[in-house]
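> attaching a predicted model along with its sequence, questions to come.
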Amino acid sequence: MKNIVLTGFMGSGKTTIGKLIAEKLDIELIDTDSEVIKELGMTIDKIFEVYGEKKFREVETMVIERVSKLENVVISTGGGVVLNPENVKLLRENGVIYFLYASAESILKRLKDDDTRPLLKNGDKLSNIIRLLNMRMPFYKNCDFEINTDILTPELAAEKIISIHLAKESKR
Ligand SMILES: Nc1ncnc2c1ncn2[C@@H]1O[C@H](COP(=O)(O)OP(=O)(O)OP(=O)(O)O)[C@@H](O)[C@H]1O
Ligand SMILES: O=C(O)C1=C[C@@H](O)[C@@H](O)[C@H](O)C1
Ligand SMILES: [Mg+2]
């Protein structure tokens, strides 16, 4: 089976929905943020503080080079993975890309008490979300399927992705 690759903004549900898909299909979940954390032995927040975003992106691409060679897995990506076209090219070789859409208002609601995302930490959270989301939207839109998580619970979003994916697989 081709990999199920989940992209989208912070708080769009990539990790949450990825876990559900992996459980339902009994396949492995790989979360690129967790892989970067393992690689450098510190939280994302700390990586940004100690090494800066550039180093984080380099390690993120190294992780993608490795995990994109796998098959039959769910890959939940970090929110900035799609900004590097090389990452997208690699993930597409063995995978189908599902963009999890969420509006700025939903993202704020989901992440308002969460301070683990360094890019949303300084200044007004909603303004940061709107600015980054607008800038990134063309990159997210370069996907194979778009799933609107504003109108779906994680459970239903997972089921929708599975049904699209299995239908696509049966035609290969
Ligand atoms: N469809 C949804 N409806 C309501 N809440 C959701 C939905 N999807 C995710 N959430 C909630 O939003 C929060 C963030 O979700 P999650 O960590 O899965 O996002 P993410 O896309 O992996 O973010 P990041 O890019 O920062 O890793 C969690 O508390 C999760 O329960
Ligand atoms: O959207 C982003 O650029 C990020 C999202 C998170 O998943 C982490 O990868 C990190 O906080 C950066
Ligand atoms: Mg995540």
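Received it, and whenever you're ready, just let me know what you need. Ligands and ions are numbered 1, 2, ... in the order given.
> and Asn148, how far is that from Ile17?
According to C-beta to C-beta, to the nearest Å, Asn148 stands 12 Å off from Ile17. C-beta here means a position set from N, CA and C on the backbone, and glycine is covered the same way.
> which one of these two has more residues nearby?
Counting neighbours by other C-beta atoms under 10 Å for Asn148 and for Ile17 shows that Ile17 has the greater number, 29 against 14.
> helix, strand or coil: sort out the more buried one for me.
Going by DSSP: H, G, I helix; E, B strand; the rest coil, the secondary structure assigned to Ile17 is helix.
> please apply the same query to Leu126.
Leu126, by the three-state scheme (three-state DSSP), is helix.
> so what's it up against?
With contact taken as C-beta atoms under 8 Å, 6 or more residues apart in numbering, Leu126 is in contact with Ala104, Leu108.
> do I have it right that Tyr101 meets Ile151?
No: applying C-beta atoms under 8 Å as the test, Tyr101 and Ile151 come out as separate, 9.7 Å apart.
> look at these two and report which has more neighbours.
Each of Tyr101 and Ile151 had its neighbours counted (other C-beta under 10 Å), and the higher figure belongs to Tyr101 (20 against 10).
> residues near Glu39, how many?
For Glu39, the tally of surrounding residues (other C-beta under 10 Å) stands at 14.
> secondary structure element for it?
Glu39 is located in helix 32-40, with elements delineated by DSSP states H and E.
> what about the residue lying closest to Val73 once chain neighbours are set aside, distance to ligand 3?
On the basis of C-beta to C-beta, 6 or more residues apart in numbering, the spatially nearest residue to Val73 that is not a chain neighbour turns out to be Glu28, at 4.7 Å. Glu28 sits 16 Å away from ligand 3 when distances are taken as C-beta to the ion, to the nearest Å.
> what residues does this structure have near ligand 2?
Applying C-beta under 6 Å from any ligand atom, one finds that the chain approaches ligand 2 through Met10, Asp33, Ile44, Gly78, Gly79, Gly80, Arg117, Pro118, Leu119.
> possible to save these as a markdown table with neighbour count?
Listed next are these as a markdown table, based on neighbours: other C-beta atoms under 10 Å:
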| residue | neighbour count |
| --- | --- |
| Met10 | 22 |
| Asp33 | 23 |
| Ile44 | 19 |
| Gly78 | 25 |
| Gly79 | 22 |
| Gly80 | 19 |
| Arg117 | 19 |
| Pro118 | 16 |
| Leu119 | 14 |
